[in-house]
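Asks: I would like the atomic coordinates for the input below:
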Amino acid sequence: MRIATLGLFHEANTFSPIKADRALYADGGVLRGEEIVREHGGAETTMGGFLAAGGWPDVEVEPLLFAFVNPIGPIVRDVFDELLSDMLDGLAKHGPRDAVLLALHGAAVAEHVADADGEIATRVRELVGPDVVIGATFDLHANLSPRLIDALDVATVFQTNPHVDAHRQALKCADIVVRAVRGEIRPQSALVPLPLVVNITRQDTSEQPMADLMATAATIADRPGMLDASVVQGFPYADVPQMGMSALAAHDGDATVATKTATELADAIWAVRDHLQAQGLTVDEALDATAREPAGTVVLLDVGDNIGGGAPGDSTVLLAAAQQRGMGSFLQTLWDPDTVRHCVTAGTGATVRTTVGARHAHSPGHPVQVTGTVRLIADGRFEDTTPTHCGFRFFDMGRTAVLDTTDRHTLVLTSKQVLNSSLQQHRCLGIEPADYHVVVAKGVNSPRAAYGRIATRMLVVDTDGITAMGIDRFHYHHRRKPLYPFEQSGVDSTYSPT
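Replies: As a prediction, the model looks like this:
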């Protein structure tokens with residue numbers, strides 16, 4: 001059985017002024033053939049799961065192209081068109097194939113295509129025809145559209161947040177695809193979109209009410225004849241018509257049952273919509289709570305500068321507040337290539353007086369003046385084989401400088417944006433995060449799998465930025481209306497529980 005695997009994994013924050021342009025993709029963002037195997041073979045990523053299926057008897061998986069950059073703004077027009085063309089050319093060259101496995105995010109947006117994932121899946125379907133089985137695995141933050149699901153035979157979705165099941169969901173997708181190719185099953189999928197947005201801080205699948213929703217989906221998936229069932233959280237920072245939560249279900253051979261069970265799951269989600277909204281701590285409240293902790297490590301989750309949601313990772317709001325209060329034993333990363341270059345020029349051991357952070361016009365806060373000693377200059381590459389968000393194993397921060405300031409702060413300054421999802425990000429630099437009283441993690445859910453192992457407390461801080469938890473701060477132009485919680489009246493007439 002010959003299976004091609006390819007994909008474009010991009011979470012687009014349409015409020016970001018930084019586009020996914022050619023320069024970003026040129027810097028290691030596009031892998032082909034054996035490059036994919038070197039990066040993802042043995043990793044717990046979606047692509048790693050698809051590659052592992054190639055070890056099954058009588059199954060050959062051929063990696064063609066995989067594109068990935070950190071969550072950021074929409075993909076620029078010519079780059080998206082070229083990537084899609086390259087994917088389709090690769091599929092066309094070495095056919096025919098029995099199946100295609102797509103590694104997609106589900107919240108990709110291009111400058112000229114609001115539903116970029118739907119466009120990819122549709123074009124692949126047009127190329128391979130109706131008889132080739134196509135499966136895809138999506139991030140839990142996917143904004144799924146009917147067009148996207150209609151182009152596929154099989155769709156699975158991460159069901160953990162932090163996303164530590166990417167590999168498992170990819171293997172499930174591959175298993176269903178292989179059985180479908182062999183004629184053992186006939187997958188029938190149904191998608192039920194909800195007029196509902198879940199707050200980013202209510203998306204941890206180990207906490208309520210999300211934990212119960214995931215358990216409900218798992219119970220439905222275990223019923224006779226069912227192939228899968230998924231809660232889909234959606235991505236609120238993409239101003240597109242398909243933005244929002246949804247329920248997805250698949251049955252062996254019966255589309256009516258698939259629709260009925262997807263609707264049942266959607267009803268369960270809708271019933272707890274009020275509990276899927278939240279408020280966080282202000283900066284002052286969070287620092288007050290931190291000061292009351294006598295010992296241990298308090299991790300401050302910087303919601304507004306969530307790198308995993310498309311923010312730049314250079315906000316200084318928490319740093320400035322800690323500096324003003326005289327709060328020491330403080331560790332934070334900042335995306336700041338300018339200051340990295342300054343530190344490199346000064347050299348290890350040098351004392352520098354400089355400003356850090358807030359280099360972009362849309363970054364909250366302002367550059368903070370610091371004086372410190374350059375502890376270390378590193379290439380910024382590290383590996384983590386423990387569970388990380390989305391299963392990534394290899395990371396690259398670019399040229400990195402560690403600056404110990406006179407405020408008793410340690411700043412890890414990077415040339416590339418990297419999620420705060422691995423303790424190895426610090427440990428590879430000789431820094432032990434657990435030695436600090438305060439650690440800032442620029443994320444909401446993605447840091448939890450790693451930082452939860454060292455944290456005495458984790459506090460959600462409602463900071464400003466292009467991933468702020470209060471979505472009423474953003475101006476949407478393309479979302480559906482009514483959509484809860486933006487509109488709290490008239491929504492029931494849009495979605496009527498069964």
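Asks: Find the nearest non-adjacent residue to Ala289, please.
Replies: Leu459 (6.0 Å; Cβ to Cβ, 6 or more residues apart in numbering). Every C-beta, even on glycine, is put in place using the N, C-alpha and C of the backbone.
Asks: what kind of secondary structure is the one you found in?
Replies: Here Leu459 is recorded as strand under DSSP: H, G, I helix; E, B strand; the rest coil.
Asks: swap in the one 4 residues further on?
Replies: The local conformation at Thr463, judged by three-state DSSP, is coil.
Asks: wait, it sits on Asn306?
Replies: No - applying Cβ atoms under 8 Å, one finds Thr463 not in contact with Asn306, separated by 9.2 Å.
Asks: quick revisit: okay but the residue nearest to Ala289 is in contact with Leu301, surely?
Replies: Yes - if you go by Cβ under 8 Å, Leu459 and Leu301 touch, sitting 6.6 Å apart.
Asks: Neighbour count: those two, which is higher?
Replies: Shown here are Leu459 and Leu301; by other Cβ atoms under 10 Å, Leu301 has more neighbours (28 against 18).
Asks: That one: what's it in contact with?
Replies: By Cβ atoms under 8 Å, 6 or more residues apart in numbering, the contact list for Leu301 reads Ala441, Gly443, Val444, Pro447, Met458, Leu459, Val460, Val461.
Asks: repeat that for 10 Å
Replies: Shown in contact with Leu301 (Cβ atoms under 10 Å, 6 or more residues apart in numbering): 201, 280-281, 286, 420, 440-448, 451, 455, 458-463, 469.
Asks: got the angle between the host helix or strand of it and strand 457-461?
Replies: Assessed by DSSP states H and E, Leu301 sits inside strand 298-302. If you take axes from the mean of the first three to the mean of the last three Cα atoms, to 10 degrees, strand 298-302 sits at 20 degrees to strand 457-461.
Asks: Please work out which residues outside the lowest-mean-pLDDT helix or strand in the chain touch it.
Replies: Taking mean pLDDT, DSSP states H and E as the measure, the helix or strand of the chain with the lowest value is helix 491-494, at a mean of 75. For helix 491-494, the surrounding residues in contact (Cβ under 10 Å, 6+ apart) are Leu194, Pro195, Leu196, Trp270, Arg273, Arg480, Lys481, Pro482, Leu483, Tyr484, Pro485, Glu487.
Asks: can you tell me which of the residues you listed are in helices?
Replies: Secondary structure from DSSP state H places Trp270 of the contacts of helix 491-494 in helices.
Asks: Report the central residue of this protein.
Replies: Among the residues of the chain, the one closest to the centroid is Gly308, at 5.3 Å (Cα atoms, centre = their mean).
Asks: dump the residue contacts of that residue.
Replies: With contact taken as Cβ under 10 Å, 6+ apart, Gly308 is in contact with 11, 70-71, 141, 162-163, 200, 389-390, 417, 419-421, 442-447, 467.
Asks: 6 Å instead, please
Replies: Contacts for Gly308 (Cβ atoms under 6 Å, 6 or more residues apart in numbering) come out as Pro71, Leu419, Gly443, Ser446.
Asks: show me the residues around the closest residue to it other than its chain neighbours that make contact.
Replies: Leaving aside its sequence neighbours, Gly308 sits nearest to Ser446 (Cβ to Cβ, 6+ apart; 4.1 Å). With contacts defined as Cβ under 6 Å, 6+ apart, the neighbours of Ser446 are Pro162, Gly308, His389, Leu419, Ser421.
Asks: Am I right that the second one falls within a helix?
Replies: Yes - membership of Gly308 in a helix is supported by three-state DSSP.
Asks: how far away is the spatially closest residue to Gly304 that is not a sequence neighbour from Pro312?
Replies: Leaving aside its chain neighbours, Gly304 sits nearest to Gly465 (2.9 Å; criterion: Cβ to Cβ, 6+ apart). Gly465 sits 8 Å away from Pro312, taking Cβ to Cβ, to the nearest Å as the criterion.
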